[in-house]
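Colleague: Next input, structure requested:
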Amino acid sequence: MTKIVLISGSVRRDSLNASVLATVRRLLTERPDGDTYEIESLSVGLLPHFDWDVEQADGSPEVRAAKRLVGDADAVFISTPAYNGEMPGVLKNALDWLSRPNGESALSGRTVALTSASPGARGAVDAQTALARVLTRCGARVVDHEPVAVGRAGQLLTPEGDFTDPETVAALGGLIDATLAAVREPAGASA
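Modeller: Now for the predicted structure:
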């Protein structure tokens, strides 16, 4: 069984990025590969603001649960909006918690796939560069794949809250394939 954690960088109700991850979930469950997937979500909005004093006291129960969840995952999918061209502060805060204390990052060695969505034409692609940089600093293995950014996402969203348009489904399917291949690839191996 492959354990997958989905993280939306948006805490907004009816988030386009949560809808991207709902599509990833659906596509994983529809795969004909015979593998089974345990898929869970991490809500970044439940984590307190990063505080060194709280970290020294072993964090909060929400932080400890988030670290266990991500640390036990085979792969993580993160979908982020772009706020002023960057990832939202709430997502950066979650990554700060997950990466600490130094040398004990829950992200270390974890395979992480990136995607983004927005109502704009570029699909928040600008936020992916900084996100990848931070994840790499945290020890994550960012999936090597062309950026998947769902532009004009609000126009493509189904009433069920996911995406079914062929272009988005194909792009997310390709990212899923690359992620699962990276999970099977030994750490340190190069393509």
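Colleague: can you map out the strands along the chain?
Modeller: 2-8, 37-43, 75-80, 111-117, 141-142, 149-150 (DSSP state E).
Colleague: Quick one: list the elements packing against the last one.
Modeller: Where contact means 3 or more Cβ pairs under 8 Å, 6 or more residues apart in numbering; DSSP states H and E, strand 149-150 is packed against strand 111-117. Placement of C-beta: from N, CA and C, glycine included.
Colleague: do that again at 10 Å, thanks
Modeller: helix 16-29, strand 75-80, strand 111-117, helix 126-137, helix 166-184 (3 or more Cβ pairs under 10 Å, 6 or more residues apart in numbering; DSSP states H and E).
Colleague: sorry, back to before: so which of the strands of the chain gets nearest Pro88?
Modeller: Closest of those to Pro88 is strand 75-80, at 6.9 Å (criterion: Cβ to Cβ).
Colleague: Let me know the angle separating that closest one from helix 126-137.
Modeller: Interaxial angle of strand 75-80 relative to helix 126-137 (axes from the mean of the first three to the mean of the last three Cα atoms, to 10 degrees): 140 degrees.
Colleague: Strand 75-80 pairs with which strands?
Modeller: Take DSSP bridges as the rule and strand 75-80 pairs in its sheet with strand 2-8 (parallel), strand 111-117 (parallel).
Colleague: excluding its backbone neighbours, what's nearest the residue positioned nearest the centre of the chain?
Modeller: Nearest residue to the geometric centre of the chain (Cα atoms, centre = their mean): Ile78, 1.3 Å. Closest residue to Ile78 apart from its sequence neighbours, by Cβ to Cβ, 6 or more residues apart in numbering: Ile7 at 4.7 Å.
Colleague: What is the neighbour count of the one you found?
Modeller: 25 (other Cβ atoms under 10 Å).
Colleague: Touching, Pro38 and Leu6? I think so.
Modeller: No, residue 38 isn't Pro; it's Glu. No - using Cβ atoms under 10 Å, Glu38 is not in contact with Leu6, being 11.5 Å away.
Colleague: any common contacting residues for those two?
Modeller: Contact with both Glu38 and Leu6 is made by residues Ala73, according to Cβ atoms under 10 Å, 6 or more residues apart in numbering.
Colleague: out of these two, which sits in the more crowded spot?
Modeller: Applying other Cβ under 10 Å to Glu38 and Leu6 shows that Leu6 carries more neighbours, namely 23 against 12.
Colleague: gap between that one and Arg122?
Modeller: Using Cβ to Cβ, to the nearest Å, we find Leu6 at a distance of 22 Å from Arg122.
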